[in-house]
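Undergrad: Quick one: sequence and predicted model below, then my questions.
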Amino acid sequence: MWRDDTIDMYSRWLGLKQGMTVVDVGCGLGYLGWTYWKFFGKGGRYFGFDRSFSLLNEADSLSAQWSREGIASFQQGDAYELPYPDNFADWTMCQTLLMHLEFPEKALAEMVRVTRPGGLIMCNEPDNLSASTMVADFSENNVTDHDILRHHRVMMTWVRGRKKLGYGDYSIAVKIPMMMHDLGLINIDSRCNDTCNFVQPPYESPVEKYRIEMARKLIEDEDDPEDEKRRREEFKQFFLAGGGSLSSYYRHRKRADQLSEEYKEMHRENLEKGTWFRSWGASSFFCIKARKKASAWSVRAGKG
Ligand SMILES: C[S@@+](CC[C@H](N)C(=O)[O-])C[C@H]1O[C@@H](n2cnc3c(N)ncnc32)[C@H](O)[C@@H]1O
């Protein structure tokens, strides 16, 4: 998700210190914990929180490998009701959590509650809609401007429908600074991920290996047809809920399937020979930070 040198730079930008108490809401496998551990973990405490028991079990065993010189522990529950007391953490964070929630403001308010006055709140979330024209692999296909604009419009409708049905906002990143402002946070600032998506032979990095595997699956039609059917049904449901019409959905489907077949034909040979090189452009993934106002007492005492 993030490059190592970006994380180094962010650790300074965020003002991390060893020994911090950190809460990671929707922690999954604890990715943010192990990624930032070297900047706060000496004497630090990491509290991973998630609603999934199975992810938390795995996160707990993984943490034995990275949580030396500090404590990592995990707790299950709902992001709308965190089990930590008020003003508990120096740093409360989440990554790709708010984008899945029906009421992201409510979860963010909980994050603010458990953060101490003067403490840090960080949200890493995407703006997938802005990225939808950038990341689509249009190069070399017989794609017209009209296709690109239609694709973006379809995605806009899909994102609106997904949100309306309570599955969260795929473009939430750009709205978070205002949500933070409305919750009384200060020093709001934001950066955008600098990673571009591409693969090149000999596909050495783990990300490239993953991408090449996905491309092979796509080109060889290895996806489970039932999964594919389910995905299409869901796509249609969100699109219609977002105000799209059935006829425009079928027009989109027909053209997308046609482009997909052309794509497979065009890339099969290079993929088989190991000479496949692709560039998808940038993702639109943000790191947004803010501080909880210090109380009058802690400002006076020089702790703000
Ligand atoms: C896309 S994953 C991100 C995991 C992790 N933050 C990362 O970046 O690798 C989203 C996580 O949020 C959790 N989640 C979703 N809704 C939640 C809720 N209402 N309360 C707590 N966790 C939730 C999911 O179980 C999942 O682990």
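TA: Now that the structure is in, tell me what you want to look at.

Undergrad: Now the particular helix or strand that has residue 32 in it - C-alpha only, CSV.
TA: For residue 32, the host element (DSSP states H and E) is helix 31-40. This file holds the C-alpha atoms of helix 31-40, laid out as CSV (Å, rounded to 0.1, in the frame of the first residue of the first chain):
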residue,chain,number,x,y,z
TYR,A,31,-0.8,-3.7,8.9
LEU,A,32,-0.6,-0.2,10.3
GLY,A,33,0.8,-1.6,13.5
TRP,A,34,3.7,-3.4,12.0
THR,A,35,4.3,-0.7,9.4
TYR,A,36,4.8,2.1,11.9
TRP,A,37,6.1,0.0,14.8
LYS,A,38,9.7,1.1,14.5
PHE,A,39,8.6,4.7,15.1
PHE,A,40,6.5,4.2,18.2
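
Undergrad: so what secondary structure elements neighbour it?
TA: Identification of packing neighbours for helix 31-40 by 3 or more C-beta pairs under 8 Å, 6 or more residues apart in numbering; DSSP states H and E yields helix 4-14, strand 21-25, strand 45-50, helix 53-66, strand 89-95. Using the backbone N, CA and C atoms, a C-beta is placed for each residue, glycine as well.

Undergrad: let's see it at 7 Å
TA: helix 4-14, strand 21-25, helix 53-66, strand 89-95 (3 or more C-beta pairs under 7 Å, 6 or more residues apart in numbering; DSSP states H and E).

Undergrad: So for it, mean pLDDT?
TA: Mean pLDDT, helix 31-40: 98.

Undergrad: and what of stretch 206-215?
TA: On average, stretch 206-215 scores 88.

Undergrad: buried set for that stretch?
TA: Using 16 or more other C-beta atoms under 10 Å as the test for burial, stretch 206-215 gives 211-212, 215.

Undergrad: Out of those, which comes closest to residue 81?
TA: residue 211 (37.8 Å; C-beta to C-beta).

Undergrad: re earlier: can you say which of the helices and strands packed on helix 31-40 is nearest to residue 182?
TA: strand 89-95 (17.0 Å).

Undergrad: count of neighbours near the residue nearest to residue 44 when sequence neighbours are not counted?
TA: Leaving out its chain neighbours, the residue that sits closest to residue 44 by C-beta to C-beta, 6 or more residues apart in numbering is residue 70, at 4.2 Å. By other C-beta atoms under 10 Å, the residues close to residue 70 number 20.

Undergrad: hang on, the earlier thing: by how many degrees do the helix holding residue 32 and strand 21-25 diverge?
TA: Here helix 31-40 points in a direction 160 degrees away from that of strand 21-25 (axes from the mean of the first three to the mean of the last three C-alpha atoms, to 10 degrees).

Undergrad: Any buried residues in stretch 74-81, and which?
TA: By neighbour count on 16+ other C-beta under 10 Å, the buried set for stretch 74-81 is 74, 79.

Undergrad: Dump that stretch to PDB, restricted to CA.
TA: Only the C-alpha atoms of stretch 74-81 are listed here, as PDB (Å, rounded to 0.1, in the frame of the first residue of the first chain):
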ATOM      1  CA  PHE A  74      -6.300  -7.000  20.000                       C
ATOM      2  CA  GLN A  75      -9.900  -6.600  20.800                       C
ATOM      3  CA  GLN A  76     -13.100  -7.300  18.900                       C
ATOM      4  CA  GLY A  77     -16.100  -5.000  18.600                       C
ATOM      5  CA  ASP A  78     -17.800  -2.400  16.500                       C
ATOM      6  CA  ALA A  79     -16.200   0.800  15.400                       C
ATOM      7  CA  TYR A  80     -19.300   2.800  16.400                       C
ATOM      8  CA  GLU A  81     -18.600   1.900  20.000                       C
END
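
Undergrad: Just give me the longest helix of the protein.
TA: The residue-count maximum for a helix in the chain (DSSP state H) belongs to helix 246-273.

Undergrad: which strands and helices sit next to it?
TA: Judged by 3+ C-beta pairs under 7 Å, 6+ apart, helix 246-273 is in contact with helix 145-164, helix 206-219, helix 225-241.
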